[in-house]
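Chemist: Let's see this in three dimensions:
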Amino acid sequence: MKNAKKCAKIDKSMKIAKKDKQKGVFNLQKINVELTKNPKQKPTDESALGFGKIFTDHMFLMNYDEGQGWHDPRIVPYAPISIEPSAMVFHYGQADFEGMKAYRGENGKLLLFRPEKNMQRLNLSNERLCIPKIDEDFAVEAIKQLVNIEQDWVPHSEGTSLYIRPFIFAVDPCVGVHPAKHLIFCIICSPVGAYYPEGLNPVKIYVEQNYVRAVTGGLGFTKAAANYAASLKAQADSEKLGYTQVLWLDGVERKYVEEVGTMNVFFVFGDEVVTPALQGSILGGITRLSTIELLRSWGYKVTERRLAIDEVAQAAKNGKLTEAFGTGTAAVISPIGILKYGDDVFTINNNEIGSLSQKLYDELTAIQWGKAEDKLGWSVEV
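Modeler: So this is what the prediction gives:
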């Protein structure tokens, strides 16, 4: 009976107004819904969720075919996707994705954090990878509807959330290098806890000097799947040395700071907060943007520029580096307590979380979980 009422509610709200920008009119496109007949057992111990290991009952799918465009939007039971072994994604890596979360507010409402920014960035990735752009407003509505269906999967415990993974991949059964003519847009969801097992405790970071993540003119500013495959070797090597992640340097001169693991990175030098400028090889993070906007609204001096690792090391030696932290959807704020660069190992802020890192984490999560007034209009109710 509960599923029947939910289905009726969903069917009524699934007619999404999709704007035809050239004609200036709205066309109605319906998202078809098929609810699962075999619901999964939901986790009972939310302290053991981990990250990205459990998936909900349903997923969103939409197809692209040349000449027809994006079509057949639907929410269906979570299940394997059948594609040909010759599908282009396996051979040429034409795939991108996004990462975002749904939060259960204290009033029981489900909230998204700046979802329009994720869809804008997905289209930025799409353009670079020759993937047809999606309708951003429609995609946000699809996410809302999927989360609404999966609302019982959104965990209740402090610090938990429902991770949302939209992704697009090429399915042409063709071993030939050219832009795909057939693709799938999929969205899956996963109830998650903390991304790093350390939680908000400072992490140990290793400055990578052998491998590079990306170069200007490449894919570094996108969330292309290939970027993450290229990062695995360095990450595995750093873990063997007892470090959580790597600090990436630029791919040309090997001396300028870029990202930390899969996160953007910030350094606090006295009263100045410095983060690497977006120059084509660094991902424009939504949490990065929000952090910069928050800091500036608080009166902090935030500088986006090229930052040499030697400058960071010198500041660490003379005590001017007071805090360092990564920012990203998964961990929000991840303080850096230990930084290894060559033979030097620096301890930052006594390997404790700094006051600014804590303040940023508290403010961002308060907005995300609906605990604080959202003066900036970042939260979107499902």
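
Chemist: Same question for stretch 365-382: list its buried residues.
Modeler: Using 16 or more other CB atoms under 10 Å as the test for burial, stretch 365-382 gives 365, 367-370, 378-380, 382. (Glycine included, C-beta is placed from N, CA and C.)

Chemist: Just those residues: which are in helices?
Modeler: If you go by DSSP state H, the buried residues of stretch 365-382 have 365, 367-368 in helices.

Chemist: now the residues you listed as JSON lines including distance to Lys301 and pLDDT?
Modeler: Shown next, in JSON lines, are those (distance: CB to CB, whole Å; pLDDT from 0 to 100):
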{"residue": "Thr365", "distance to Lys301": "24", "pLDDT": "95"}
{"residue": "Ile367", "distance to Lys301": "23", "pLDDT": "96"}
{"residue": "Gln368", "distance to Lys301": "25", "pLDDT": "96"}
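
Chemist: of all these, which comes closest to Phe167?
Modeler: Gln368 (22.0 Å; CB to CB).

Chemist: Tell me who's in contact with Asp237.
Modeler: By CB atoms under 8 Å, 6 or more residues apart in numbering, the contact list for Asp237 reads Asn210.

Chemist: And it, its phi and psi?
Modeler: phi -70, psi -40 (degrees, to the nearest 10).

Chemist: pLDDT score assigned to it?
Modeler: pLDDT recorded at Asp237 is 96.

Chemist: Make 541 the first number, not 1, from now on.
Modeler: New numbering, starting at 541: the last item is Asp777.

Chemist: distance of it from Tyr746?
Modeler: Taking CB to CB, to the nearest Å as the measure, Asp777 falls 8 Å from Tyr746.

Chemist: cool, Val732 as well?
Modeler: 25 Å.

Chemist: ok, now which ones touch the closest residue to Gly910 other than its chain neighbours?
Modeler: Leaving aside its sequence neighbours, Gly910 sits nearest to Gly645 (CB to CB, 6 or more residues apart in numbering; 2.9 Å). Gly645 makes contacts with 651, 909-911, as judged by CB under 8 Å, 6+ apart.

Chemist: rerun at 6 Å
Modeler: Residues in contact with Gly645 (CB atoms under 6 Å, 6 or more residues apart in numbering) are 651, 909-910.

Chemist: What of Gln908?
Modeler: Counting by CB under 6 Å, 6+ apart, Gln908 has contacts 643, 653.

Chemist: 10 Å instead?
Modeler: 641-643, 645, 651-654, 701, 827, 830, 869, 872, 914, 918-919 (CB atoms under 10 Å, 6 or more residues apart in numbering).

Chemist: Look up the closest residue to Leu847, ignoring the ones flanking it.
Modeler: Leu847 sits nearest to Val797 (CB to CB, 6+ apart), 4.7 Å away.

Chemist: Could I get the phi/psi values of the one you found?
Modeler: Given degrees, to the nearest 10, the pair of backbone angles that Val797 has is phi -70, psi 140.

Chemist: Any idea what it is bridged to?
Modeler: When bridges are taken as DSSP bridges, the partners of Val797 come out as Leu789.

Chemist: Remind me which helix or strand Ala774 belongs to.
Modeler: Ala774 belongs to helix 765-780 when elements are defined using DSSP states H and E.

Chemist: chain center to that helix: distance?
Modeler: The chain centre lies 17 Å from the centre of helix 765-780; the measure is CA atoms, centre = their mean, to the nearest Å.

Chemist: I'd like to know how many residues surround the closest residue to Ile878 other than its chain neighbours.
Modeler: Distances taken as CB to CB, 6+ apart place Lys744 nearest to Ile878, at 4.1 Å, with adjacent residues excluded. Neighbour count of Lys744, defined by other CB atoms under 10 Å: 18.

Chemist: Next: the one 5 residues further on.
Modeler: Counted with other CB under 10 Å, residues neighbouring Gln749 total 15.
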